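>>> here are the coordinates; sequence isn't available:
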């Protein structure tokens, strides 16, 4: 499992490095104001795109893995019909967005009226925004996490190229226009790969290549999650709107910088959830077997999480300066809040995947609506007096509701208990990240004493992970380290010749 997570993480690291170029250029060329505008338009497109998609991207990762194991013909036939439905919905949503932006721009809020042209070109790119997560999940549904990761890498390359060229050429409007032109090329290549059969089935063509009929269980699944597909991006959009309304576009840009670090963490660590975790928990097995697999995944993920994330929180000012620019340094003290919120999303998402795999959609939707209700309530109460801090705290509280709700439900419904060691490990991670974030925010100077103190704290907390390792974990870690060392020696020997 560790090897699989490292492979996925390696691909995602390359993806994040490519996106880092885009983020850095946007920060330098656009400044906090431009980054704030970009963040709000992107969240608006995400809200419209996820709502109109009827949760079909999620349905793909829920139902396709089982079909791929059983029949490639059934897999291709269903994925085609889902693709056709999504294409129709994307065209309807794009047309609606363009008409509204052209004739009734105030519908999107008075805050976006000065950026009407950018919003218009943003909606031109909406079909790509809708299809990218769907195709990523369809490829993962083939139980092919590496090709799915490569698709994400290709998408990052297109985002970066269109972003750099577009902003240089004509600003954000040109960026969205170029993305709308080049994005479909990647989507079409992904469709061809996803619908390719293997072995003796390669000669079969499948039925109804342009059909749109879907099984009732998929419609039921999609409509059950429809409200959630709207509320999730809308909550993020509302928080950004509220900060923009209270504090202005520059502060909204600072908050996006803090959120951007958290999203980078989720992008790097969370890629294993849709590519590896979700397909495997939907392959079948008893609740106890799947819970055991999930607990092992959670433990491995937790170790990787603290090792990779803690350094970012200890040196937030350096992270902001590298990812963005010195103009965004006011965001540095708030990075830990948004990073911890994203880590909690992933920790809670591990057990939410089980809830969905067991088809408890009513509970899944209900607890998510409750969590987002908590998020919005706290955001309304705290953003005006505390600004970005209130927004970050609201996100953390919402995810705590999801984590506790999922674990309590699995124990009540199936008697599935999280091992005490795993629960303590989760608590250790959150406390460690919080401590690292506090130290990083309070001590921003780059003196020798401060750096040594932070490095020492990192060493102490990493050493503390040893308390949660079993003998089997230590043996696996030792074996992995020995194999890595052998490979390095082989590379060194090859280099000498």
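Arrived safely, thanks for sending. These figures come from a predicted structure and were not determined experimentally.

>>> pull the residues that contact stretch 345-356.
The list of residues contacting stretch 345-356 from outside it, by C-beta atoms under 8 Å, 6 or more residues apart in numbering, reads 62, 266, 269-270, 273, 277-278, 281, 287, 290-291, 294, 297-298, 301-302, 305, 363-364, 399, 402-403, 406-407, 409-410, 416, 418, 426, 429. No exception for glycine: its C-beta is placed from N, CA and C like everyone else's.

>>> same thing with stretch 189-198?
Counting by C-beta under 8 Å, 6+ apart, residues outside stretch 189-198 touching it are 72-73, 76, 79-80, 83, 135-136, 138-139, 142, 147, 151, 154, 202, 204, 206.

>>> so for that stretch, what's the average pLDDT?
Stretch 189-198 carries an average pLDDT of 80.

>>> chain center to that stretch: distance?
24 Å (C-alpha atoms, centre = their mean, to the nearest Å).

>>> got the buried residues for that stretch?
Neighbour-count burial for stretch 189-198, counted by 16 or more other C-beta atoms under 10 Å, picks out 190-191, 193-195.

>>> likewise stretch 414-427?
Those buried within stretch 414-427 under the rule 16+ other C-beta under 10 Å are 414, 416, 418, 422, 425-426.

>>> number of nearby residues for residue 443?
Applying other C-beta atoms under 10 Å, we find 17 other residues in the vicinity of residue 443.

>>> swap in residue 19?
Under the neighbour criterion other C-beta under 10 Å, residue 19 is assigned a count of 23.

>>> hang on, the earlier thing: can you flag the buried ones in the contacts of stretch 345-356?
Buried members of the contacts of stretch 345-356, counted by 16+ other C-beta under 10 Å: 62, 266, 269-270, 273, 277-278, 281, 290-291, 294, 297-298, 301-302, 305, 364, 399, 402-403, 406-407, 409-410, 416, 418, 426, 429.

>>> state the next helix or strand along the chain beyond the lengthiest helix in the chain.
In the chain, with assignment by DSSP state H, the single longest helix is helix 2-52. For helix 2-52, the succeeding helix or strand toward the C-terminus, using DSSP states H and E, is helix 56-70.

>>> who's in contact with that next one?
Contact with helix 56-70 is made by 74-75, 78-79, 82, 85-86, 133-134, 136-138, 140-143, 217-218, 221-222, 225, 229, 274, 278-280, 282-284, 356-357, as judged by C-beta under 8 Å, 6+ apart.

>>> buried ones in that helix, by neighbour count?
Taking 16+ other C-beta under 10 Å as the neighbour-count basis, helix 56-70 is seen to contain the buried residues 56-68.

>>> and the gap between the closest residue to residue 361 other than its chain neighbours and residue 216?
Nearest non-adjacent residue to residue 361, counting by C-beta to C-beta, 6 or more residues apart in numbering: residue 224, 4.2 Å away. Between residue 224 and residue 216 the distance is 12 Å, computed by C-beta to C-beta, to the nearest Å.

>>> need the pLDDT of residue 495.
According to the predicted model, the pLDDT of residue 495 comes to 48.

>>> related to what we said a few turns ago, restricted to helices, list the buried residues of stretch 414-427.
414, 422, 425-426.

>>> wait, doesn't residue 228 sit right on residue 369?
Yes: taking contacts as C-beta atoms under 8 Å, residue 228 lies within contact range of residue 369: 6.8 Å.

>>> between the two, tell me which one has more neighbours.
Neighbours were counted for residue 228 and for residue 369 using other C-beta under 10 Å; residue 228 has more, 19 against 14.

>>> neighbouring contacts of the strand or helix carrying that one?
Mapping residue 228 onto the secondary structure by DSSP H and E places it in helix 226-247. Applying C-beta under 8 Å, 6+ apart, the contact partners of helix 226-247 are 36, 39-40, 43-44, 46-47, 50-51, 53-55, 58, 109, 111, 251-252, 255-256, 364-365, 368-369, 372, 375-376, 379-380, 383-384, 387-388, 391, 394-395, 398.

>>> now stretch 433-446
With contacts defined as C-beta under 8 Å, 6+ apart, stretch 433-446 is touched by 306, 309-310, 313-318, 332-333, 335-337, 339-340, 343, 450, 453-454, 457-458, 461.

>>> any idea how many residues pack against residue 442?
Under the criterion other C-beta under 10 Å, the count of neighbours that residue 442 has is 9.

>>> got the contact list for stretch 357-367?
62, 220-221, 224-225, 227-228, 278, 281-282, 287, 290, 352, 355-356, 401-402, 405-406, 409, 413-414.

>>> pull out the buried positions in that stretch.
Residues of stretch 357-367 classed as buried under the neighbour-count rule (16+ other C-beta under 10 Å) are 357-358, 360-361, 364-365, 367.

>>> from those, which ones fall inside helices?
Where those overlap with helices, as defined by DSSP H, the overlap consists of 357, 361, 364-365, 367.

>>> including pLDDT and distance to residue 91, could those go into CSV?
What follows is those, written out as CSV (pLDDT from 0 to 100; distance: C-beta to C-beta, whole Å):
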residue, pLDDT, distance to residue 91
357, 86, 32
361, 85, 28
364, 89, 29
365, 89, 27
367, 93, 33
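
>>> I'd like the residues you listed as TSV, with distance to residue 444 appended.
Formatted as TSV, these follow (distance: C-beta to C-beta, whole Å):
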residue	distance to residue 444
357	44
361	46
364	41
365	42
367	38
